[in-house]
Each structure stands twice: as C-alpha cells, then as structure tokens.
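Asks: 3D model of this:
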Amino acid sequence: MRPVSAFEMSEIDRKAQDEFGLNQIVLMENAGRCAFDVISSDNPSIKKERIAIFCGKGNNGGDGFVLARYLANGGARGLFVFVTGMDSIKKGAALDNYNILRKMGLAILPLEDFLKPVKERDNFTIFVDAVFGTGFQSELPRDVALTWIHLNSLNAKVYAIDVPSGLDATSGRAAKNCIKAYKTVTFGLPKIGFYLNDGPSVCGEVIVKDIGFPEQLLRPYLM
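Replies: Residues are numbered from 1 along each chain as shown. The predicted structure follows:
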C-alpha cells in the first residue's frame, strides 16, 4: 500500500460517505472494533488489566468510545475513559457513541482528573490515545501535553488510534510532547507521516486495518 497524506485520507473518507453512502457511524464502529481486536489479541488477560482510554471530542475520540464499549463487553473491569472537551463532543457518530457509554455506566471522567496527583493514576497497565486523528496540526493543548509528558516518562504501553496525537500525518513532524506509541492502529491506508521526520520514533509498530472503505477508493494506492 502506498502511504497517503492527511488530505488524501480525508478525501477517501468523504467519498466513502458522500458517493457510496457509507455512514460515519459504520466506519467508527469498524475502527473501534479493529482496535479492540489488536489490543485484546496482544493482551489475553484483558480482564485483569487497568486500561485508560483518552478520547478527544471528534471522530478519533468516537473511535475510542467504541473501543471502550467492546472492552467493557469483553470483561475489562479496570476501565476508565478520560475525555478532553467533554462538553463539546462532535454531534453525530462521536456523540452517539459517547452517550452509549454513559448509559452503560462506564467510568467517564474529564481529562483533568487524570492529571490529579492520585496514586491510582500510576496503576494503569494499558493506555489508549484516541484524542487527535489525521487532522492534527500545530501544538497540543496544555492538558493533553501534560498527560503525554507523564505517559512518555513512564515508557508506558500506549496504543495510538489512527495517528499518535501530536503527529502531523503528512509531514511526520511531531509537536512538542507528542505521545510515543507502542503500536499505532491505523485505518484504510498508512499515512506518509509515519515514515518521515519524527514519525518512526513516535508510531511504534504500525498496523493497518480494513474498516470497510470501498475497494474502488483504495485501489489507486495499492501497489
């Protein structure tokens, strides 16, 4: 597969919805399930793990909400979801999946709560970054940067969903305090930035998963 830019990936996503009628909530469901498959396969003792999922307010956060549902259904008990921008989650698929978690009674907390100096914060064994996706540019918000500083200092086991938050998916330039992933589970096609500049040092192992984009849209990038 030929790696694509953030713009090329967004166009594939747009065309899948506008031209083929593939609903965003279907793509989000498939993305969350694919992330669950990777994490549960890596960690057979998932029921014993303490898992922190960090979700943004956009579609990348929505992928994280879906993942949280699958982890909860798979028996994960030590599961916490930390959300940045909890009061401004994007309407549509992301907000729908957030509301499902609320109705399930999962532990959903503002990201600021993770930054509080409590002993339990350091007892997590698995972390998931679902804050920013391919659209990220510029600098990380302060609360996200402080969280990533802490996780990077632990050399923590972090799974990045689609793109490590803080990495420009096209240029491969990482913002200050970009998360350093153990594995990056990306969707459809790999992104150019994974292999340029800072990309290799923050992505870890890159795993490309099929979430159902029509083959006609991916064909030009298949070598």
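Asks: Spatially nearest residue to residue 56 (excluding sequence neighbours)?
Replies: residue 131 (4.0 Å; C-beta to C-beta, 6 or more residues apart in numbering). The C-beta positions use only the backbone N, C-alpha and C, and glycine is treated the same way.
Asks: Just the pLDDT for that neighbour.
Replies: With respect to pLDDT, residue 131 scores 98.
Asks: Quick one: residues in contact with the lowest-mean-pLDDT helix or strand in the chain.
Replies: Between all helices and strands in the chain, the lowest mean by mean pLDDT, DSSP states H and E belongs to helix 111-114, at a mean of 92. Helix 111-114 is contacted from outside by 52, 54, 82-84, 121, 143-144, 147, using C-beta atoms under 8 Å, 6 or more residues apart in numbering.
Asks: Now intersect those with the strands, please.
Replies: 52, 54, 82-83 (DSSP state E).
Asks: returning to that earlier point: by pLDDT, give me the weakest of the contacts of helix 111-114.
Replies: residue 121 (71).
Asks: How about the contacts made by it?
Replies: Residues counted as contacts of residue 121 (C-beta under 8 Å, 6+ apart) are 114, 150.
Asks: next one: residue 88
Replies: residue 57.
Asks: in what helix or strand does the closest residue to residue 214 other than its chain neighbours lie?
Replies: In space, and not counting its chain neighbours, residue 214 is closest to residue 20: 5.1 Å by C-beta to C-beta, 6+ apart. Using DSSP states H and E, residue 20 sits in no helix or strand.
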